[in-house]
Structure formats: structure tokens, C-alpha cells
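Undergrad: Structural data only, the sequence is not supplied:
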């Protein structure tokens, strides 16, 4: 379990830091210029690409991570991400948890949530790809 926690923490931290920086850019410049939904659609591929790169590196660190363990890493990192987002919404955004959760089912919130779910699955997807590669 310590390796899962350490891997999930580093996966979460790397992507959360990037997401925080891109979120500032999206909120301050992209959303006013393009609208909220197009701004999320611009940010999402960057976040998923970064998630893929970090997940590949994470599961390849010796000893290579099995898909089941990678799935646990992704699930824990996803839980950390959602908790951090909720905390930021309440503390910095001044919103209630209910309001934050309700925003997740509205556009563009559901688009971001879908991306976060894929983030949670990315380590597992990378582990499955590695497992099925001809070199393995």
C-alpha cells in the first residue's frame, strides 16, 4: 500500500499543479474570450496528454506496475483530485459543497468531470498498454 499511496500522491500532485496553472489561464483569459465550454475544451486535451505522460512514467518505474495496482493508484489520485477541487471551491471560490457538486453535472462541469475520470483511469490504461506491448 505505501507504493500505491506514494504513486497516487505524485500523480495527483503533478496533474493538480498543471491543472491549477491552466485553470487560472482558462478562467482569466480563455473563458472571457471564448466562453466557459470552449475554454474547457481547449484545456482538456492538454490535461489528458499530461496525465498520459505522467501515468506512463509512473507505471514504468521499476518494478513495473501491474494493471490492478495502477487502477488503485488512479482511483486514489482521482479521489485526491476531487477532494482538492471541492476544498478549493469552498475555500477560495466561496461556494458550498452542494453548489460545487451541482456544477459537475452542468456544462461545462460534466466535461471536466469526464476528463477527471479519464485521469483516474490513465495509469490503468498505461499499464494495460504496457502489458499488451510486444516487448512485454
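TA: Nice, thanks for sending it over. Just so it is clear, the structure is predicted and the values come from calculations on it, not from any experiment.

Undergrad: For residue 105, grab the count of nearby residues.
TA: 9 (other Cβ atoms under 10 Å). Just so you know, the C-beta spots here come from the backbone N, C-alpha and C atoms, and that holds for glycine as well.

Undergrad: Secondary structure class of it, three-state.
TA: coil (DSSP: H, G, I helix; E, B strand; the rest coil).

Undergrad: What about the nearest residue to it once chain neighbours are set aside, how many residues nearby?
TA: Sequence neighbours aside, residue 113 is the residue nearest to residue 105 in space, at 7.9 Å (criterion: Cβ to Cβ, 6 or more residues apart in numbering). Residues lying near residue 113 (other Cβ under 10 Å) number 15.

Undergrad: who's in contact with the nearest residue to residue 93 once chain neighbours are set aside?
TA: Leaving aside its sequence neighbours, residue 93 sits nearest to residue 100 (Cβ to Cβ, 6+ apart; 7.5 Å). Contacts for residue 100 were tallied using Cβ atoms under 8 Å, 6 or more residues apart in numbering; they are 85, 86, 89, 90, 93.

Undergrad: for this structure, what spans make up the strands?
TA: In order along the chain, the chain carries no strands (DSSP state E).

Undergrad: Where does the prediction get shaky in it?
TA: Applying pLDDT under 70 to the chain picks out residues 136.

Undergrad: For this protein, just list every one of the helices.
TA: Assigned by DSSP state H, the helices in the chain fall at 2-25, 31-34, 36-60, 67-91, 97-103, 109-132.

Undergrad: Enumerate the positions of the first one that are buried.
TA: Neighbour counts over helix 2-25 (16 or more other Cβ atoms under 10 Å) mark 4, 7-8, 10-12, 14-16, 18-19, 22-23 as buried.

Undergrad: Kindly report the same for the shortest one.
TA: Taking 16+ other Cβ under 10 Å as the basis for neighbour counts, the residues of helix 31-34 that come out buried are residue 31.

Undergrad: Check which helices and strands that helix sits against.
TA: helix 36-60 (3 or more Cβ pairs under 8 Å, 6 or more residues apart in numbering; DSSP states H and E).

Undergrad: hmm, who's touching the helix it packs on?
TA: 7, 10-11, 14-15, 18-19, 22-23, 25-27, 30-31, 33-34, 65, 70, 73-74, 107-108, 111-112, 115, 118-119, 122-123, 125-127, 130.
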